[in-house]
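>>> sharing a model that was predicted from the sequence below.
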Amino acid sequence: MLRPTEVLTNCMNQLPVLNCDDCGACCLHVGNPPGYGGHVDGKGNWVWLTASLEDSERLQSMPAALQEELRRNKDRGLADQPCHWFDLATRQCVHYDQRPEACRMFEVGEDDCVSLRKHHGIENHR
């Protein structure tokens, strides 16, 4: 027979995910912020490749230092490691206002969110 605290814990884990506080599961496997990529063309010039018009506009308005950071980290690609904008200590994006469209569209509590939380052993937060 389950003790009352075990019943409460089981119920809490079945409630829907309502926020991202202390999570970051979606950031733990992307390497670079998704949607902000680029390469050096045949003339030696950097060419940005973005996933959306919104990302392109956001990228153009970014401070030059932040654009340079993206260029320096381009080789991380979509490696299975934390996004370099994700602060593991605070579990938050350090450039939240500049995050790409893919991050903005990722919905808290959707199937991918819940699956990534389970994969990384992150409890539901309410």
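Yep, it's here.
>>> helices of this structure, start to end?
Assigned by DSSP state H, the chain shows helices spanning 4-14, 53-61, 64-72, 101-105, 111-119.
>>> packing partners for the third one?
What that stands for is helix 64-72. Helix 64-72 sits against strand 36-40, with contacts defined as 3 or more C-beta pairs under 8 Å, 6 or more residues apart in numbering; DSSP states H and E. Placement of C-beta: from N, CA and C, glycine included.
>>> low pLDDT regions in this structure?
Applying pLDDT under 70 to the chain flags the ranges 1-17, 76-79, 124-126.
>>> doesn't Met105 make contact with Asp112?
No. At 10.8 Å, Asp112 does not count as touching Met105 under the criterion of C-beta atoms under 8 Å.
>>> OK, contacts around Trp48?
When contacts are counted by C-beta atoms under 8 Å, 6 or more residues apart in numbering, Trp48 touches Tyr36, Gly37, Gly38, Ser56, Leu59.
>>> if you could redo that for Val47, that was the one I meant.
Gly38, His39, Val40, Asp41.
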